[in-house]
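based on what follows, work out the 3D shape:
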Amino acid sequence: MWKKILLGSSTFLLLRLLLSVILLLTITTRAYGAEEKKSAGGSDKKEKIEATISVNERANLVVSSCRQCHALEATEEQKTNPDAGPTLFGIVGRPIAQAGGYNYSEDLKTLGTLEPTWTEDLLMAYLYNPKVMLRTRLNNKKARGKMGFKLNRIIDRQAILKLLKTLQRPEE
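Residues are numbered from 1 along each chain as shown. Modelled structure (predicted):
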């Protein structure tokens, strides 16, 4: 008689449903937690490997992205890509928006009237986020340049800056 009451009762069905949901949530939470630990462990390994890469190796890895649009050699010629940027050779200390053979955005030209040359600080800010740097420096919410590439990690920006400082004509 008790079996009939328990098995047929709506309370019992509700109780079974509730226990099933709790069991499902427990299994899902444990699986998700294990997956998080697994991915976090992989991230630690990646960071340890990246920490062993020298600054020069890091710069060489990151500069491959720069080379898609920019030349690194002392040349006035632009790459065949019409969206290509100016050469990065000698950019540290070079007047802003003044390299020949490139049509700079009006906002970058305006920055060139306010800031005389590319300093290390300006380059670090520009590499982090070109649009935000221009908007901040020009105090213009609509300012933007043509470069959309960003380097979020400071270690990558430092490595690129170190490389860019080597791309200079020898002092005579």
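
flag the shaky bits of this structure, pLDDT-wise.
1-53, 55, 76-83, 170-172 (pLDDT under 70).

show me the domain layout of it.
2-52, 55-166 (automatic domain parsing).

mind checking the SS state of Lys146?
Under DSSP: H, G, I helix; E, B strand; the rest coil, Lys146 falls in the coil class.

make residue 1 into 676 and carry on from there
Done: numbering now begins at 676, and the last item shifts to Lys821.

run a quick neighbour tally on the nearest residue to it once chain neighbours are set aside.
Residue nearest to Lys821 in three dimensions, not counting chain neighbours: Ser780, with 5.3 Å by Cβ to Cβ, 6 or more residues apart in numbering. To be clear about C-beta, it is placed using only N, CA and C from the backbone, and glycine gets the same treatment. Ser780 is flanked by 16 other residues according to other Cβ atoms under 10 Å.

now Phe764
As a burial measure, Phe764 scores 17 neighbours (other Cβ under 10 Å).

so who does it touch?
Ala746, Leu747, Glu748, Ala749, Thr750, Leu842, Gln843 (Cβ atoms under 8 Å, 6 or more residues apart in numbering).

surely Pro761 touches Asn778?
No: Pro761 lies out of contact with Asn778 (Cβ atoms under 8 Å); the separation is 9.6 Å.

same drill for the two, tell me which one is more crowded.
More neighbours surround Pro761 than the other of Pro761 and Asn778, with 21 against 10 (other Cβ under 10 Å).

roughly how far apart are the more buried one and Gly823?
15 Å (Cβ to Cβ, to the nearest Å).

same thing with Lys806?
Distance from Lys806 to Gly823, by Cβ to Cβ: 8 Å.

what's the answer for Lys840, then?
From Lys840 to Gly823 the distance is 24 Å (Cβ to Cβ).

again with Asn731
26 Å.

drop anything exposed from the contacts of Phe764.
Buried subset of the contacts of Phe764 (neighbour count, 16 or more other Cβ atoms under 10 Å): Ala746, Leu747.

now, among the contacts of Phe764, which is nearest to Ser740?
The closest of the contacts of Phe764 to Ser740 turns out to be Leu747 (Cβ to Cβ; 12.2 Å).

what residues are up against that closest one?
Contacts of Leu747 (Cβ under 8 Å, 6+ apart): Val738, Cys741, Thr762, Leu763, Phe764, Leu842.

helix, strand, or coil at it?
Per three-state DSSP, Leu747 ends up coil.

leaving out the residues flanking it, which one is nearest to it?
Leu763 (5.4 Å).

any idea which element that neighbour lies in?
Assigned by DSSP states H and E, Leu763 belongs to neither a helix nor a strand.

just the helices in this structure please.
677-683, 685-727, 730-741, 781-789, 795-803, 805-813, 829-841 (DSSP state H).

alright, calling it a day.
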